[in-house]
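Chemist: the sequence and its predicted three-dimensional model are supplied below.
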Amino acid sequence: MTDPTLLIRLAEDDDDFLLSLVPRLVDFTLPAWRRRHECIEGIRDDLHRHLEDQPANNFLFVAEDADGERVGFIELQKTQDFFTGRTNCHINNVVVVPRHEGRGVGKALMTHAEQWAREHHCALVTLAAFPGNERALAMYASCGYGTDLLRLVKPVR
């Protein structure tokens with residue numbers, strides 16, 4: 001059940017506050033072949049594109065507290081399962097404003113994603129996370145997420 005004191009709504013084109021939260025998405029030890037500034041730039045570009053163009057099958061939601069303060073966001077994408085062809089809901093990004101961490105905002109956003117996925121007849125909710133993002137991995141596990149596939153990488157430069 002979603003926290004009743006939170007309003008989770010579709011993002012609007014003036015919700016660019018979420019661009020300021022992007023560094024939190026890589027605020028941990030990254031794999032050696034990843035450069036923090038490249039990750040930040042890529043995520044910002046994706047979110048900026050979303051705010052301006054609102055691409056099909058991509059949905060960006062903002063969480064607001066009872067005072068109307070924006071406290072986090074989640075980006076969902078409808079995808080097609082490689083194995084079954086069924087529709088899935090992929091969580092591209094989820095982030096909470098630092099001073100609201102530990103207050104259930106992240107879990108409320110995850111619950112929202114699951115409810116949204118059910119309403120849109122998705123078979124699975126998927127996400128990817130860097131192994132160094134221990135805080136997020138712990139939250140995902142507490143929400144019932146488990147490993148499906150492992151993406152292995154080898155730089156060739």
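Modeler: Yes, it's here.

Chemist: mind listing the strands for the chain?
Modeler: 7-10, 58-64, 70-80, 87-96, 125-127 (DSSP state E).

Chemist: for the residue nearest to Cys143 when sequence neighbours are not counted, give its distance to Ala66.
Modeler: Computed as C-beta to C-beta, 6 or more residues apart in numbering, the closest residue to Cys143 that is not its neighbour in sequence is Met110, at 4.9 Å. (C-beta placed from N, C-alpha, C; glycine too.) As for Met110, its distance to Ala66 is 20 Å (criterion: C-beta to C-beta, to the nearest Å).

Chemist: one step back: the residue nearest to Cys143: neighbour count?
Modeler: 22 (other C-beta atoms under 10 Å).

Chemist: I figured it hits Ala141, correct?
Modeler: No. If you go by C-beta atoms under 8 Å, Met110 and Ala141 don't touch, sitting 11.3 Å apart.

Chemist: middle-most residue in this structure, spatially?
Modeler: Central residue check for the chain by C-alpha atoms, centre = their mean: the C-alpha nearest the mean position is that of Asn93, 2.2 Å away.

Chemist: ok, Asp65 - how many residues close by?
Modeler: Neighbour tally, Asp65, other C-beta under 10 Å: 17.

Chemist: low-confidence stretches in this structure?
Modeler: Applying pLDDT under 70 to the chain flags the ranges 1-4.

Chemist: show me what the top helix by length along the chain is packed up against.
Modeler: Counting by DSSP state H, the longest helix found in the chain is helix 36-53. Judged by 3 or more C-beta pairs under 8 Å, 6 or more residues apart in numbering; DSSP states H and E, helix 36-53 is in contact with strand 58-64, strand 87-96.
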